[in-house]
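K.L.:
how would this look folded up:
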Amino acid sequence: MQIEKLTGLEQIKCMIDGTIPHAPIAYTIPMRITEAVKGFATIHARADKNHLNPHGGVHGGFAAAVLDAVTACAVHTIIDADEGYATIEISIKMFRPVPSGENIIAEGRIMNISKSLACSEGWLKNHEGKILAYANSTFSLFKNS
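P.N.:
Next up is the predicted model:
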């Protein structure tokens, strides 16, 4: 299989079914893409002892990394095989502490697309569906050379 010939959505679906590996960051921040359709993605993640701050809580960077990933995955679902993207801005609001040792769900969706920019938003939720954090992101879109 030539991964570079697949659309972004096809690549993500291959990650979900295990045909290709998840990105390396998915091992540092334990997370897996579990659902993807055009313009939308879901990630399941779980903070552990490696993600704690000096006070024993989950570091805010954990939520930031998962939200960056899910908003990017939403963008990834809309790119063609010859396209790429990069985060140029992300804004995050934290509402509740991220629990350690519990599964959390991140959902991301496209808000707007132009020729050179994509905007998406994402939510991080606990198992009860309560929102832990919210992000909106802007991505630069470009052709791969």
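K.L.:
which elements pack onto the helix or strand bottoming out on mean pLDDT in the chain?
P.N.:
Averaged element by element with mean pLDDT, DSSP states H and E, the chain has its least confident helix or strand at helix 25-28 (a mean of 93). Contacts defined by 3 or more CB pairs under 8 Å, 6 or more residues apart in numbering; DSSP states H and E place helix 25-28 against helix 60-76. Backbone N, C-alpha and C define where each C-beta goes, glycine included.
K.L.:
what residue of the chain is the furthest out?
P.N.:
The outermost residue of the chain relative to its centre, with distances by CA atoms, centre = their mean, is His55 at 26.2 Å.
K.L.:
mind checking the SS state of it?
P.N.:
Recorded secondary structure, His55: coil (DSSP: H, G, I helix; E, B strand; the rest coil).
K.L.:
and the gap between it and Met94?
P.N.:
Separation of His55 from Met94 (CB to CB, to the nearest Å) stands at 14 Å.
K.L.:
so for Asn144, what's the pLDDT?
P.N.:
According to the predicted model, the pLDDT of Asn144 comes to 88.
K.L.:
secondary structure class for the closest residue to it other than its chain neighbours?
P.N.:
Once flanking residues are discounted, Asn144 sits nearest to Gly84: 5.0 Å by CB to CB, 6 or more residues apart in numbering. Secondary structure of Gly84, reduced to three states by three-state DSSP: strand.
K.L.:
correct me, but Gly84 touches Phe139?
P.N.:
No. If you go by CB atoms under 8 Å, Gly84 and Phe139 don't touch, sitting 9.7 Å apart.
K.L.:
looking at these two, which is more packed in?
P.N.:
Set side by side, Gly84 and Phe139 show unequal neighbour counts under other CB atoms under 10 Å, the larger going to Phe139 at 25 against 15.
K.L.:
how much space separates the more buried one from His59?
P.N.:
Using CB to CB, one gets 24 Å for the distance from Phe139 to His59.
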